[in-house]
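**Q** Predicted model and sequence follow; I will ask about them next.
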Amino acid sequence: MPRSVSKVVIPAAGLGTRFLPATKALPKEMLPVVDKPAIQYVVEEAVRAGIPDVLFVTGRNKNALENHFDRATELEAILTRKGDEQRLSKVAESTELANVHYVRQGDPRGLGHAVLRSRAHVGANSFAVLLGDDIIDERDPLLERLLQVHDERDACVVALMEVDPSQTHMYGIATVEKTEQPDVVRITGLVEKPQGGRAPSNLAIVGRYVLKPEIYPVLERTKPGRGGEIQLTDALLAMASDATTGGVFGVIFRGRRYDTGDRLDYIKANVQLAVEREDIGPGLRSWIKEFAATLED
């Protein structure tokens, strides 16, 4: 495993307004996907890639997230007295999963600002940024590939995925040049959520980044962009055009990704992951077939 990156940053300060009223008191990152909070899948991805040092950039009303990765001594004691070893191990799993740290974002000034808040923890080293809305199937390692390309090229690397042209307005979209590696491209342009029909391609950034520490001074001088926020894509665009930083590369991901960022995709993610489970998958697949047969065209 590449060892040049030893810290992961997970921005988690969003209000989750698309899921109201469910997120009125519960952080959107804690919404369950089957039987685990969405955020736990993301932390597990970091650990699988060999990076157990995780910094959450949080905001107000995120206590439930912090509690999830902390000890639940009273609950553990109850389960121990009951002899319920199976549930006890599940409770302890999130506690022992990673070395978790927290910093508050303060003013909600965009993803770029959230990443900038990680500077004191990360220091002068490269680091990974994982967004909580995207769950990457563990059978299709993506972060490991980003780390490998980062080490090979000494450059910032982002994950790209082909999306339907009708959806490009929902993502940061890249203009790219081919390299000698079929899944790696050099990024020459980036635009955040382009208006319909104006996207330069259908290659979208999908919430996984490996960044060099040089991104921090660039973010500091990046002016607010779309929505009055400091956009990470604007800082990456500046680095892409500066040869002294090594440029910015993209890894085109063609594996399984589950989007938990809006309501319909969140429901799809639950179903897609649940049907693969040995414990509930067979029963769910059977029910889906029966239910689908009752639907009118």
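**A** Noted; the coordinates are in hand.

**Q** mind checking pLDDT for residue 278?
**A** pLDDT recorded at residue 278 is 93.

**Q** hang on, it is in a helix, isn't it?
**A** No - counting by DSSP: H, G, I helix; E, B strand; the rest coil, one finds residue 278 to be coil, located in no helix.

**Q** What's the local residue count around it?
**A** 6 (other CB atoms under 10 Å). For glycine as for every other residue, the C-beta is placed from the backbone atoms N, C-alpha and C.

**Q** residues contacting residue 261?
**A** Residues near residue 261 by CB atoms under 8 Å, 6 or more residues apart in numbering: 18, 133-134.

**Q** same thing but 7 Å
**A** residue 133 (CB atoms under 7 Å, 6 or more residues apart in numbering).

**Q** helix/strand/coil for the residue of the chain most remote from its centre?
**A** Distance from the C-alpha centroid of the chain, by CA atoms, centre = their mean, peaks at residue 81 (37.2 Å). Secondary structure of residue 81, reduced to three states by three-state DSSP: helix.

**Q** Next one: residue 263 from residue 17, what distance?
**A** Going from residue 263 to residue 17 by CB to CB, to the nearest Å gives 12 Å.

**Q** Likewise for residue 285?
**A** 33 Å.

**Q** Settle it for me: which of these two has more neighbours?
**A** Higher neighbour count among residue 285 and residue 17: residue 285, with 14 against 9, using other CB under 10 Å.

**Q** Does that one touch residue 277 like I think?
**A** No - taking contacts as CB atoms under 7 Å, residue 285 lies outside contact range of residue 277: 10.2 Å.

**Q** The residue most central in space within the chain: what's it in contact with?
**A** The C-alpha lying nearest the average C-alpha coordinate of the chain belongs to residue 131 (CA atoms, centre = their mean; 2.4 Å). Residues in contact with residue 131 (CB under 7 Å, 6+ apart) are 11, 207.

**Q** let's go with 6 Å and repeat that
**A** residue 207 (CB atoms under 6 Å, 6 or more residues apart in numbering).

**Q** cool, and the one 5 residues further on?
**A** With contact set as CB under 6 Å, 6+ apart, residue 136 has these partners: 45, 142, 257.

**Q** before we move on, what about residue 18?
**A** residue 262.

**Q** And what about it, helix, strand or coil?
**A** Going by three-state DSSP: residue 18 is helix.

**Q** Specify the local secondary structure of residue 271.
**A** Quick answer, by three-state DSSP: residue 271 is helix.

**Q** same check, this time on residue 216
**A** Recorded secondary structure, residue 216: helix (three-state DSSP).

**Q** ok, back up a step: and the residue farthest from the centre of the chain, how far is that from residue 244?
**A** 62 Å.

**Q** Any idea what residue 252 is bridged to?
**A** When bridges are called by DSSP bridges, residue 252 pairs up with residue 160.

**Q** What about it, how many residues nearby?
**A** 16.

**Q** Please verify my assumption that it contacts residue 160.
**A** Yes - counting by CB atoms under 6 Å, residue 160 is a contact partner of residue 252 at 5.1 Å.

**Q** Low-confidence stretches in the stretch 101-250 of the chain?
**A** Filtered on pLDDT under 70, the stretch 101-250 of the chain yields no residues whatsoever.

**Q** any idea how this protein splits into domains?
**A** For the chain, the structural domains run 8-261, 262-297, going by automatic domain parsing.

**Q** Could you single out the most deeply buried of those?
**A** Among the domains of the chain, the stretch with the highest mean neighbour count (mean count of other CB atoms under 10 Å) is domain 8-261, at a mean of 18.

**Q** Show me how far that domain is from its chain's centre.
**A** How far domain 8-261 lies from its chain's middle: 3 Å, per CA atoms, centre = their mean, to the nearest Å.

**Q** now the helices for the stretch 101-250 of the chain?
**A** 111-116, 119-122, 143-153, 215-220, 232-240 (DSSP state H, counting those that start in this stretch).

**Q** any chance of those helices in CSV, with distance to residue 29 too?
**A** Below are the helices of the stretch 101-250 of the chain laid out as CSV (distance: least, CB to CB, whole Å):
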stretch, distance to residue 29
helix 111-116, 13
helix 119-122, 19
helix 143-153, 18
helix 215-220, 23
helix 232-240, 18
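
**Q** For residue 73, find the nearest of those helices.
**A** Residue 73 lies closest to helix 119-122 among those, at 26.8 Å (CB to CB).

**Q** And the closest one, what does it pack against?
**A** With contacts defined as 3 or more CB pairs under 6 Å, 6 or more residues apart in numbering; DSSP states H and E, helix 119-122 has no helix or strand neighbours.
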